[in-house]
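**Q** Give me coordinates for this.
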Amino acid sequence: MATNGKIPARSERGAATVRDGLEVREGLAVHEGLGLREGLDALRRSARATDALLGSVSDGQGDTPVSGLAWAVAEVAAHLVALLNQSAAYTSGARDGAAERAALPPSGNAAERLALGNARELEVLAERRIPVLRRLLAAAVDEYATAISGRGGDGPIETLLGQEDPAAMTAGLVGEQLVHGFDLARALGRPAAIDPDAARLALAGSAPLLPYFVDAEAIRDVSARIEIRIAGGSRFALVLERGRAAVEPADGRCDCWIRVEPVPYLLLAFGRIGRVRPLLRRQVRSGGRRPWIAMRLASYLTSI
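**A** Have a look, this model is predicted:
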């Protein structure tokens, strides 16, 4: 996050639509000191860190497997390029995200849609030479920044995931750089350093996308307001109401709260680390009048 100074939260509520059996409020955005400029700055910084890691790749290391993924180092780099290119195309209107989403199998949830989309994009981008991918990554960041900064209006962008707020979309791309940078560092035997401010921005800025990853069936009988408190940053509430999900600004009302350190929680949310160590180190804490809800949160979400 560019600044830890707090600005009063703003919530924009649009029409509700049903997708994957779940009601999602379109156009919802939560801003606490977060904006497109801060997101783009963080995206450029995190992409430079990714480039530095790729610059350390020696001959033959592009084929090194990445732990926990079906990809090698070069494929992770290609994925990051392809994701930025795809996002720029949705933003500029060169590609129709709604049409592409509709063409996918109707039973797929958000995580499955993204997995199918990732596989397709990697097939299209056949380049696997690391020096070339480094140049493509830098160009893709610039292309996305130009597209997102130059689009008219501030309405949502149609993507494979759904309708995305521009700031949330950018924050999500920051998270991709951070998490896959962690993947690359582990695969290459390099120190895995993640900027806590960038992790705060990725978590808080992409919060409006959370409802897409809620398992509708898992919350069919759940009614809960969960407040996420990011250490040194902002707060927001994930509201679950019997098959419906929304993200709203925190207002002090909650059934339980979860206080998280940004870096371990980002890695935990993406399945890169287990729950035990962050809990033992008190990097993730919870409380409230229904604290057991916090322990069940993972079961309410689909894999990212």
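
**Q** what about the helix or strand encompassing residue 74, average pLDDT?
**A** In this structure, residue 74 is located in helix 73-92 according to DSSP states H and E. Summarised as a single mean, pLDDT over helix 73-92 is 98.

**Q** Where does the prediction get shaky in the stretch 51-200 of the chain?
**A** Residue ranges of the stretch 51-200 of the chain with pLDDT under 70: 107.

**Q** how about the strands in it?
**A** 157-158, 163-164 (DSSP state E, counting those that start in this stretch).

**Q** residue contacts, the nearest residue to residue 145 once chain neighbours are set aside?
**A** Distances taken as CB to CB, 6 or more residues apart in numbering place residue 40 nearest to residue 145, at 5.2 Å, with adjacent residues excluded. All C-beta atoms are positioned from the backbone trio N, CA, C, and that covers glycine. Contacts of residue 40 were listed using CB atoms under 8 Å, 6 or more residues apart in numbering, and they are 145, 148-149, 170.

**Q** among these, which ones are buried?
**A** 145, 148, 170 (16 or more other CB atoms under 10 Å).

**Q** Tell me which of those residues fall in helices.
**A** 145, 148, 170 (DSSP state H).

**Q** Just give me the closest of these to residue 66.
**A** residue 170 (24.4 Å; CB to CB).

**Q** Tell me which residues are up against stretch 183-192.
**A** Outside stretch 183-192, the residues touching it (CB under 8 Å, 6+ apart) are 50, 53-54, 56-57, 61, 64-69, 73, 76-77, 181-182, 193, 272.

**Q** So which of those sit within helices?
**A** 50, 53-54, 73, 76-77, 181-182.

**Q** Confirm that residue 232 sits in a helix.
**A** No: Residue 232: not assigned to a helix; according to DSSP: H, G, I helix; E, B strand; the rest coil it is coil.

**Q** if we can go back for a sec, got a pLDDT number for the residue nearest to residue 145?
**A** Reported pLDDT for residue 40: 97.

**Q** before we move on, what about residue 27?
**A** So, for residue 27, pLDDT stands at 37.

**Q** so who does residue 153 touch?
**A** Not one residue lies near residue 153 by CB under 8 Å, 6+ apart.

**Q** which stretch among the strands of the stretch 51-200 of the chain comes nearest residue 216?
**A** When the strands of the stretch 51-200 of the chain are ranked by proximity to residue 216 (CB to CB), strand 163-164 comes first, at 17.3 Å.

**Q** Paired strands for that closest one, with orientation please.
**A** strand 157-158 (antiparallel) (DSSP bridges).

**Q** How far does the partner strand sit from its chain's centre?
**A** 15 Å (CA atoms, centre = their mean, to the nearest Å).
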